[in-house]
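Visitor: Following is a predicted model, sequence given first.
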Amino acid sequence: MVREMIQKTLDYVDSNVKQDITADELAEIAGYSHFHFYRLFQSAVGIPVMQYVLSGK
């Protein structure tokens, strides 16, 4: 379930790379609190969520 949530947010970031994306927005999409999402994302992907978002810009 966590893998699917992470993939959903990765797909969202990749599809909206030209938009301003916030960690709060991604947490809401994932259905987790900001704090919990941030920890899950970093654990699964290996980098902080905003580092991933900014790397695509």
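Guide: Thanks, I have it. Residues are numbered from 1 along each chain as shown.
Visitor: Setting the sequence-adjacent residues aside, check what's closest to Tyr32.
Guide: Counting by Cβ to Cβ, 6 or more residues apart in numbering, Tyr32 lies nearest to Leu40, which is 6.7 Å off, once chain neighbours are set aside. C-beta here means a position set from N, CA and C on the backbone, and glycine is covered the same way.
Visitor: neighbours of the one you found, just the number please.
Guide: Residues lying near Leu40 (other Cβ atoms under 10 Å) number 18.
Visitor: again with Leu10
Guide: Neighbours of Leu10 (other Cβ under 10 Å): 17.
Visitor: for Met50, same thing?
Guide: Neighbours of Met50 using other Cβ under 10 Å come to 14.
Visitor: Which of the helices or strands spans the residue nearest to Tyr32?
Guide: According to DSSP states H and E, Leu40 maps onto helix 34-45.
Visitor: sorry, back to before: so the residue nearest to Tyr32 makes contact with Glu4?
Guide: No - using Cβ atoms under 8 Å, Leu40 is not in contact with Glu4; the gap is 11.8 Å.
Visitor: average pLDDT for the helix holding Leu40?
Guide: The average pLDDT within helix 34-45 is 96.
Visitor: starting at the chain centroid, how far to it?
Guide: 8 Å (Cα atoms, centre = their mean, to the nearest Å).
Visitor: buried stuff in it?
Guide: For helix 34-45, burial by neighbour count (16 or more other Cβ atoms under 10 Å) applies to His34, Phe37, Tyr38, Leu40, Phe41.
Visitor: Now do it: everything it contacts.
Guide: By Cβ atoms under 8 Å, 6 or more residues apart in numbering, the residues outside helix 34-45 that reach it are 2-3, 5-6, 9-10, 23-24, 26-27, 30, 32, 48-49, 52.
Visitor: switch to 6 Å and redo it
Guide: With contact meaning Cβ atoms under 6 Å, 6 or more residues apart in numbering, helix 34-45 is reached by Val2, Ile6, Asp24, Ala27, Ala30, Pro48, Val49.
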